[in-house]
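Asker: compute the structure for the input listed below.
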Amino acid sequence: MSNLVITVLLLIAGIFEFVLEADTCVYVVESRRVMEQRDVKLNTQQTEGDACEIPESLKDRWMLVNRPRERLRIRGNVSMIVKYGKTKHQYSCLESKGHTFLLATTQNIGSKQGVLCILFTQVNNDPKAEYRIVRLNGHGAEHHILGPQLLPQYLNSYPTLNDTCVLAGGVRDYSAYIRRTERRCNFPEEIIRSWNYTYRAAKDVSFAEKTFTLTLMSGEKVRFDCSRNDGDVYILRSTGYTDPIYDGIMCLNITKLDEDPHYKYELSRLNSGDHLDGMVKLYPVGKPVSVLEDCDWIDSPARPQYIY
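Answerer: Sure, this is the predicted structure:
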């Protein structure tokens, strides 16, 4: 009799343990299923490969033409920072197609995350603008073109470019013109002085903190302002070079020659041109310029001159 009682007790204990395990298992699976349906978190890590690719020509600092205090900066690691008023948002790119980008805020706004879908179209007939940006998703925070559209706290699906980037017809306020910001451009302190120049048509050259002045053999002086630089590559601009409607642009790669017994610096021209022996290219007055787009010989053999 005692053996039968023990057997029955062991059987009951086994059934009870099985029920507990089954309940626990069902609870865990159900919890994961609910989380997957209701709490989709956006991955705003750096996106690699074809999912998101930003062209080199867009990686720069930009400002809205009619609202110059409102800025955006596009970085090489597929991210964008925008500032307007006292507001600042940082976005990471989720998906791209051509010049259309789906971006997500890297930090929650309250308990919600935001997205921005934006299209860049190049402008060819406006000397003050390089691109027109068009917002392709719903109203953003503060109804600003660069503000994030806040998503519901719980989502049933991951946002994609196809279902998020849908422009409401006839919404003119959802576009703006942008141009590159003028960066602070200074020459190195050790080059600030007058120099002899190997360019045959020049008597000498002189550098100041922000200017480059070329004195020709005729005695004429041509002054260029340091417009912008990227490392040792400088874009120089002479305002009203030939007449009031054109500026003269010259790209120079300035390299210090520490071991050369005769010359102190090499000045390599990185642009094609049609003035001053091909050194200077004409642009409409005030037209924005960039190293990547306007120094068109940057990947070709250098055309060096030397100062000493």
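Asker: please make it C-alpha for all contacts and neighbour counts, starting now.
Answerer: Will do.
Asker: wait, doesn't M80 sit right on F101?
Answerer: No: counting by Cα atoms under 8 Å, M80 does not reach F101; the two are 10.5 Å apart.
Asker: what about these two, which has more around it?
Answerer: Using other Cα atoms under 10 Å as the criterion, M80 and F101 rank with F101 on top: 25 against 21.
Asker: so who does the more buried one touch?
Answerer: By Cα atoms under 8 Å, 6 or more residues apart in numbering, the residues touching F101 are C52, C93, L94, E95, C117, I118, L119, L161.
Asker: same check on G76?
Answerer: Contacts of G76 by Cα under 8 Å, 6+ apart are I54, E56, K59.
Asker: who wins for most neighbours among these?
Answerer: The residue in those with the most neighbours, by other Cα under 10 Å, is I54 (20 neighbours).
Asker: returning to that earlier point: for the contacts of G76, give me CSV that also has pLDDT and secondary structure.
Answerer: Listed next are the contacts of G76 as CSV, based on pLDDT from 0 to 100; DSSP: H, G, I helix; E, B strand; the rest coil:
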residue, pLDDT, secondary structure
I54, 84, coil
E56, 79, helix
K59, 84, coil
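Asker: including distance to N124, could those go into TSV?
Answerer: Shown next, in TSV, are the contacts of G76 (distance: Cα to Cα, whole Å):
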residue	distance to N124
I54	20
E56	18
K59	19
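Asker: quick one, what contacts H89?
Answerer: I81, V82, K83, T105, G147.
Asker: about what we covered before: spit out the residues that contact M80 and F101 alike.
Answerer: C93.
Asker: quick check, central residue of the chain?
Answerer: The residue lying closest to the centre of the chain (Cα atoms, centre = their mean) is I74, at 1.7 Å.
Asker: my guess is that residue contacts E56, does it?
Answerer: No: here I74 lies out of contact with E56, judged by Cα under 8 Å, at a distance of 9.7 Å.
Asker: return the set of buried residues in the helix or strand hosting the residue nearest to the centre of the chain.
Answerer: Taking DSSP states H and E as the definition, one finds I74 inside strand 67-75. Within strand 67-75, the residues that count as buried by 16 or more other Cα atoms under 10 Å are E70, R71, L72, R73, I74, R75.
Asker: and the helices in the stretch 101-250 of the chain?
Answerer: Taking DSSP state H, counting those that start in this stretch to define them, one finds helices in the stretch 101-250 of the chain at 161-164.
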